[in-house]
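J.: coords below, sequence missing:
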Ligand code: URA
């Protein structure tokens, strides 16, 4: 015997026909579409009070307009607006991260599709290589690039002068005096003589280069290998790909954590 599927509730049947009744997609459907699990799992997220819409804890049955409502899971914004793109690009040397260049140098946005128009999140020097995000998601870009609560970034640095002595590594770790102030503590290791792995949270202009200059080991080659939770050893210079949903979620969660820390410490 085949089971009869229950009819949807009457108000839902009406809602489908009427512009006067609630419009938009059900929240659990939107969350499921964005990789938070099955609709059932997403209903549980809502029931547990972990989902907010426009800052207010959402109730089961809530409908959302993905164009205008701001949705968060555990405080992390969900990139639900259609049309948003997030590219991870491996920038080669010689390419500038501004959207135009008066010297006619190649620009980073020319490495990705022309539509929709995107911009770089933060900057890398023209002679720096490695990972950079391009997006049209202004909210996320502002948060990720913000020096006070942006995510940490990891660099592989080949320096001049061979092996760096322990006391100089300690200076990099503790903070070095630059003309715009002492740098915040950094994570620094030397995987091989003359090659440093440096993780910083700040994003001052030419920061890693100036830090290495300050300890007497100018940078020969600088490659950014990680942005918060995002890394990719397979992306070749000049190549790009879209962030996966998991990466986007991890990035927004990392940013949300930093924003919470920032707000708490103020
Ligand atoms: N630090 C630098 O010195 N340059 C970069 O491009 C990024 C970090």
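T.: Structure's in. What do you need? Treat the numbers as computed from the prediction; the structure is a model and nothing was measured.
J.: Could you give the number of residues near residue 42?
T.: 22 (other C-beta atoms under 10 Å). All C-beta atoms are positioned from the backbone trio N, CA, C, and that covers glycine.
J.: With the one 5 residues further on instead?
T.: As a burial measure, residue 47 scores 13 neighbours (other C-beta under 10 Å).
J.: next one: phi and psi at it?
T.: phi -60, psi -30 (degrees, to the nearest 10).
J.: Spit out the contact partners of it.
T.: Going by C-beta atoms under 8 Å, 6 or more residues apart in numbering, residue 47 touches residue 60.
J.: Can you give the contact residues for the top strand by length along the chain?
T.: Longest strand in the chain by number of residues (criterion: DSSP state E): strand 219-227. Under the criterion C-beta under 8 Å, 6+ apart, residues 124-125, 127-133, 144, 151-160, 199, 208-209, 212-213, 231, 233, 251 lie in contact with strand 219-227.
J.: can you check stretch 168-177 too?
T.: Outside stretch 168-177, the residues that touch it by C-beta under 8 Å, 6+ apart are 182-190, 196, 198, 211-212, 214-217.
J.: so which helix or strand takes in residue 249?
T.: helix 245-265 (DSSP states H and E).
J.: Show me the contact partners of that helix.
T.: Contacts for helix 245-265 (C-beta under 8 Å, 6+ apart): 34-35, 72, 74-79, 86, 88, 140, 143-144, 148-151, 227-230, 243.
J.: Next: stretch 186-194.
T.: By C-beta under 8 Å, 6+ apart, stretch 186-194 touches 158-164, 169, 172-173, 175, 196-201, 211, 217.
J.: mind redoing it with 6 Å?
T.: For stretch 186-194, the external contacting residues (C-beta atoms under 6 Å, 6 or more residues apart in numbering) are 159, 162-164, 169, 172-173, 196-200.
J.: check whether it contacts the ligand.
T.: No - Stretch 186-194 is not in contact with the ligand by C-beta under 6 Å from any ligand atom; minimum separation 11.2 Å.
J.: ok, now stretch 164-180?
T.: No - residues of stretch 164-180 are not located near the ligand by C-beta under 6 Å from any ligand atom, the shortest gap being 10.9 Å.
J.: now the end-to-end length of that stretch.
T.: 24 Å (C-alpha to C-alpha, to the nearest Å).
J.: Show me which positions of that stretch end up buried.
T.: Residues of stretch 164-180 classed as buried under the neighbour-count rule (16 or more other C-beta atoms under 10 Å) are 164, 168-169, 171-172, 176, 178.
J.: My guess is residue 49 contacts residue 58. True?
T.: No - with contacts defined as C-beta atoms under 6 Å, residue 49 does not count as touching residue 58, sitting 8.3 Å away.
J.: who has more neighbours, the two?
T.: Ranked by neighbour count (other C-beta under 10 Å), residue 49 and residue 58 place residue 58 first, with 24 against 10.
J.: low-confidence ranges in the protein?
T.: 1-23, 67, 79-82, 147-149, 263, 266 (pLDDT under 70).
J.: which bits of it sit near the ligand?
T.: So the chain meets the ligand at 124-125, 128, 206-209, 222 (C-beta under 6 Å from any ligand atom).
J.: Cross the contacts of strand 219-227 against strands and list the overlap.
T.: 129-133, 153-159, 199.
J.: List just the nearest of those to the ligand.
T.: Comparing the ones in strands among the contacts of strand 219-227 against the ligand with C-beta to the nearest ligand atom places residue 155 closest, at 6.2 Å.
J.: what bridges to the closest one?
T.: Residue 155 has these beta-bridge partners by DSSP bridges: residue 198, residue 224.
J.: hmm, back to that, could you write me a ChimeraX select line covering just the buried ones among the ones in strands among the contacts of strand 219-227?
T.: Applying 16+ other C-beta under 10 Å to the ones in strands among the contacts of strand 219-227 leaves a buried subset, and the ChimeraX line that selects it is:
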select :129,130,131,132,133,153,154,155,156,157,159
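J.: of all the ones in strands among the contacts of strand 219-227, which two lie farthest apart?
T.: Pairwise distances across these (C-beta to C-beta) peak at 26.2 Å, for the pair 133 and 159.
J.: Good, wrapping up.
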